[in-house]
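K.L.:
here are the coordinates; sequence isn't available:
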């Protein structure tokens, strides 16, 4: 396997563990749900910024 395959596998495993732990903790206490919604909003903003930077760098390489 190449390095990129290992990276993708590690990210998927990390996301799975994170989802399982957040759901397990959030059902014990309701305030954790509020933290989860805020965290989701932050991660979406970071993801959009990363996508814009990726497209911008790809566009710049093509020129």
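P.N.:
It's in. Model, not experiment: these values are computed from the prediction.
K.L.:
poorly predicted segments of this protein, please.
P.N.:
For the chain, applying pLDDT under 70 flags the ranges 25-36.
K.L.:
helices of that one, start to end?
P.N.:
Counting by DSSP state H, the chain has these helices, from start to end: 3-26, 31-62.
K.L.:
just checking, what packs against the first one?
P.N.:
Put plainly, it is helix 3-26. Helices and strands touching helix 3-26, by 3 or more Cβ pairs under 8 Å, 6 or more residues apart in numbering; DSSP states H and E, are helix 31-62. The way it works is simple: take the backbone N, C-alpha and C, and place the C-beta from them, glycine included.
K.L.:
which strands and helices lie in contact with the helix it packs on?
P.N.:
Against helix 31-62 (3+ Cβ pairs under 8 Å, 6+ apart) you get helix 3-26.
K.L.:
between the helix it packs on and helix 31-62, how big is the angle?
P.N.:
Interaxial angle, helix 3-26 versus helix 31-62 (axes from the mean of the first three to the mean of the last three Cα atoms, to 10 degrees): 160 degrees.
K.L.:
I'd like the distance from helix 3-26 to the chain centre, please.
P.N.:
Distance of helix 3-26 from its chain centroid, counting by Cα atoms, centre = their mean, to the nearest Å, is 9 Å.
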